[in-house]
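*Asks:* Fold the following, please.
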Amino acid sequence: MRAIVVTEFGGPEVLRPAETEDPSPGPGEIAIDVAASGVNYRDVYERTGAYPKDLPFIPGGEVAGRVSAVGEGVSDVRVGDVVATSAVNGGYAERAVVAADYAVPAGDAGPEKAAAVILQGLTAHYLTHSTYAIKPGDTALVHAAAGGVGLLLTQLVKLRGGRVIGTVSTADKEKLARDAGADEVVRYDNFAEEVRRLTGGVQVVYDGVGKTTFDDSMSVLRPRGMLALYGAASGPVPPVDPQRLNAAGSLFLTRPTLVHYIADREELLWRSRDLFDWIASGDLTVHIGGRYPLDDARRAHEDLEARRTTGKLLLIP
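*Replies:* Numbering: from 1, shown residues only. Next comes the predicted model:
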């Protein structure tokens, strides 16, 4: 099969197409003929070595496609089913294997929308429903509001009755964020000043940017507000003195990650069913900002890291 193989850590140039052996499912596993693979910042962290990974490896953790084979002991997934997963190893390929318990039915979403939403949508779901459960009247600051997670976060905050202030870098991205439901949209360079002008402080900041936004994110929280730091697109945040949380108003700081919010299959099915039901009903719109042939994975990473993209990027084998 065709796949992208990383043999050394580094920049996008280490994403090299290659021919590899087809994987076969073991006990409790399924094989998926990949229709679409999601491109995420997690893939960047693994490519650079920021997230430890044994070399060589095929990147990509998010795929959707048709089941082509099932391993011993798998009973609730059948060959021919269309499924999606955010827990595969080796998604930048024509075929991938994953534990059956981590795959969910794609419903009526179709494989491209399913691949586009399964990781980032689950992330937006747990952030707005569990990490800080939005209540009617809450105000959330959503960083990178025109990005893949940001557009979904904005819509889910609005579905729960909240108000959204989004940060973006360009006028085109501002339009996307407003179209997704953002009540206010500001630029990064003065976002703290603007948020304080618009509010007396926000209940929650959803921050996937990290280093460059962290201090100002903390400064716009109202007493007992929460900073949910779910990513580090601009780099890791330096160590934080817990006393800062006290001085700023008994704040909460959390660094959540998806795996701990879908460790139980029933929780995974709850979150994924919600997402696909909202897509089917029109309550949730998935914006696919770019489709790239599998061999163009390098270009997809270059565009993502240069912030030339909006919404979700997909690789199409």
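
*Asks:* going forward, measure contacts and count neighbours with C-alpha atoms only.
*Replies:* Fine.

*Asks:* Do you have the strands of the stretch 151-300 of the chain handy? List them.
*Replies:* 163-168, 184-187, 202-207, 221-229, 252-254, 288-293 (DSSP state E, counting those that start in this stretch).

*Asks:* Kindly calculate the angle that the first one makes with strand 202-207.
*Replies:* The reference is to strand 163-168. Per axes from the mean of the first three to the mean of the last three Cα atoms, to 10 degrees, the angle that strand 163-168 makes with strand 202-207 is 30 degrees.

*Asks:* For strand 163-168, buried residues please.
*Replies:* Buried residues in strand 163-168, counting neighbours by 16 or more other Cα atoms under 10 Å, are found at 163-168.

*Asks:* Looking at these, which is nearest Thr199?
*Replies:* Thr199 has its nearest neighbour among those in Ile165, at 9.8 Å by Cα to Cα.

*Asks:* OK, contacts around that closest one?
*Replies:* Contact criterion Cα atoms under 8 Å, 6 or more residues apart in numbering gives 139-142, 182-186, 195 as the residues in contact with Ile165.

*Asks:* Using CSV, lay out the strands of the stretch 151-300 of the chain together with distance to Tyr45.
*Replies:* Putting these into CSV (distance: least, Cα to Cα, whole Å) gives the following:
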stretch, distance to Tyr45
strand 163-168, 22
strand 184-187, 26
strand 202-207, 17
strand 221-229, 16
strand 252-254, 20
strand 288-293, 20
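
*Asks:* For Pro59, which of these is the nearest?
*Replies:* Nearest of these (Cα to Cα): strand 288-293, 15.0 Å.

*Asks:* strand partners of that closest one, parallel vs antiparallel please.
*Replies:* Here strand 288-293 has these sheet partners by DSSP bridges: strand 312-316 (parallel).

*Asks:* biggest separation within the contacts of Ile165, which pair?
*Replies:* Greatest spatial distance among the contacts of Ile165 (Cα to Cα): Thr139 and Val186, at 14.4 Å.

*Asks:* tell me the mean pLDDT for the longest strand anywhere in the chain?
*Replies:* Ordering each strand of the chain by length in residues (DSSP state E) puts strand 29-39 first. Confidence for strand 29-39, expressed as mean pLDDT, is 97.

*Asks:* residues in contact with that strand?
*Replies:* 23-25, 60-72, 74, 91-100, 111-112, 115-116, 300-301, 312-317.

*Asks:* Tell me the helix or strand right after it.
*Replies:* Once strand 29-39 ends, the next helix or strand along the chain (criterion: DSSP states H and E) is helix 41-48.

*Asks:* so what strands line up beside the helix or strand following that following helix?
*Replies:* Downstream of helix 41-48, the first helix or strand assigned by DSSP H and E is strand 63-70. Neighbouring strands of strand 63-70 in its sheet, by DSSP bridges, are strand 29-39 (antiparallel), strand 82-85 (antiparallel).

*Asks:* residue contacts, Thr310?
*Replies:* Counting by Cα under 8 Å, 6+ apart, Thr310 has contacts 146-148, 173, 287-289.

*Asks:* residue nearest the centroid of this structure?
*Replies:* Gln120 (2.7 Å; Cα atoms, centre = their mean).

*Asks:* does that one sit in a helix or strand, and which one?
*Replies:* Here Gln120 is assigned to helix 111-126, by DSSP H and E.

*Asks:* contact partners of that helix?
*Replies:* Taking Cα under 8 Å, 6+ apart as the rule, helix 111-126 contacts 35-38, 62-65, 82-86, 106, 148-149, 152-153, 156, 257-258, 261, 271-272, 275-276, 286, 288, 312-314.

*Asks:* redo that, cut-off 6 Å
*Replies:* With contact meaning Cα atoms under 6 Å, 6 or more residues apart in numbering, helix 111-126 is reached by 36, 38, 63-65, 86, 106, 149, 153, 258, 312.
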